[in-house]
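Asks: Sequence plus the predicted model coming up.
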Amino acid sequence: MCLLLETIKIEAGIPRNLFFHNLRLNNSRKELFGCRDFIKLENIIKIPPALGTGLYKYRLIYSDTVKKTEFLPYRKRKIKCLKIVVCDSIEYNYKYENRECLNELLELKQNCDDILLVKNKKITDTSFSNVVFYDGKKWITPSTPLLKGTKREKLLSDGKIVQDEIKISDLKYFPKAALINSMLDLTDNIIKIENNALTF
């Protein structure tokens, strides 16, 4: 049985964005395992008093039921350069614990910090995040992500970003990009595309 993963931001003792984590976790359980019950993460996450300050990552591994949970300290890493990698066969519709397919592609990053994946000529994600591009007026995320991240869904719901099809040829219209995931907000990791931050 395959295992899936939810990574939840714990900030100052508070779990963030549980609404969208609950949705993804339970939709995945229903679609992959036929589960009909609804797990509420707020009933599972018990934050130790020692974690009342600081930033932590809560990892929950599950299939039809919760298998393991753990709290880990979180340290942001700065991504400044992305290697564009084409792979038309990759599939990562669910947040699997096994990331072998992504890790193999990550080995192609050369001197860059991470990769920007292209599938069927369309921009998708990096190896660990969704990506959003700024056109000078608004933030646009690709409508063809490998995985619909919880932060991506929240930002779309809040109207802070929009989605559209983005091809490699469109990248020249964007002066900067941002990486987003459950631990990264829209302004946490900005990449200046105009500084040759995307390479082939």
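Replies: Cool, got the structure.

Asks: Quick check, Cys2 in contact with Tyr96.
Replies: Yes: contact criterion Cβ atoms under 8 Å: Cys2 and Tyr96 qualify, at 6.1 Å. Placement of C-beta: from N, CA and C, glycine included.

Asks: As a check, name the ranges of all strands in this protein.
Replies: Secondary structure of the chain by DSSP state E: the strands cover 4-11, 14-15, 55-62, 66-73, 82-86, 114-119, 122-126, 130-134, 139-142, 162-164, 176-180, 190-192, 198-199.

Asks: Columns mean pLDDT and distance to Leu155 on top of these, output as JSON lines?
Replies: Shown next, in JSON lines, are the strands of the chain (pLDDT from 0 to 100; distance: least, Cβ to Cβ, whole Å):
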{"stretch": "strand 4-11", "mean pLDDT": "97", "distance to Leu155": "14"}
{"stretch": "strand 14-15", "mean pLDDT": "95", "distance to Leu155": "18"}
{"stretch": "strand 55-62", "mean pLDDT": "97", "distance to Leu155": "19"}
{"stretch": "strand 66-73", "mean pLDDT": "96", "distance to Leu155": "24"}
{"stretch": "strand 82-86", "mean pLDDT": "96", "distance to Leu155": "20"}
{"stretch": "strand 114-119", "mean pLDDT": "97", "distance to Leu155": "19"}
{"stretch": "strand 122-126", "mean pLDDT": "98", "distance to Leu155": "14"}
{"stretch": "strand 130-134", "mean pLDDT": "98", "distance to Leu155": "8"}
{"stretch": "strand 139-142", "mean pLDDT": "98", "distance to Leu155": "8"}
{"stretch": "strand 162-164", "mean pLDDT": "98", "distance to Leu155": "9"}
{"stretch": "strand 176-180", "mean pLDDT": "97", "distance to Leu155": "7"}
{"stretch": "strand 190-192", "mean pLDDT": "95", "distance to Leu155": "15"}
{"stretch": "strand 198-199", "mean pLDDT": "80", "distance to Leu155": "22"}
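
Asks: May I see these organised as JSON lines, with distance to Asn26 and mean neighbour count added?
Replies: Listed next are the strands of the chain as JSON lines, based on distance: least, Cβ to Cβ, whole Å; neighbours: other Cβ atoms under 10 Å:
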{"stretch": "strand 4-11", "distance to Asn26": "11", "mean neighbour count": "19"}
{"stretch": "strand 14-15", "distance to Asn26": "16", "mean neighbour count": "14"}
{"stretch": "strand 55-62", "distance to Asn26": "10", "mean neighbour count": "18"}
{"stretch": "strand 66-73", "distance to Asn26": "12", "mean neighbour count": "13"}
{"stretch": "strand 82-86", "distance to Asn26": "32", "mean neighbour count": "19"}
{"stretch": "strand 114-119", "distance to Asn26": "27", "mean neighbour count": "22"}
{"stretch": "strand 122-126", "distance to Asn26": "22", "mean neighbour count": "23"}
{"stretch": "strand 130-134", "distance to Asn26": "20", "mean neighbour count": "23"}
{"stretch": "strand 139-142", "distance to Asn26": "23", "mean neighbour count": "22"}
{"stretch": "strand 162-164", "distance to Asn26": "23", "mean neighbour count": "14"}
{"stretch": "strand 176-180", "distance to Asn26": "22", "mean neighbour count": "23"}
{"stretch": "strand 190-192", "distance to Asn26": "33", "mean neighbour count": "18"}
{"stretch": "strand 198-199", "distance to Asn26": "36", "mean neighbour count": "16"}
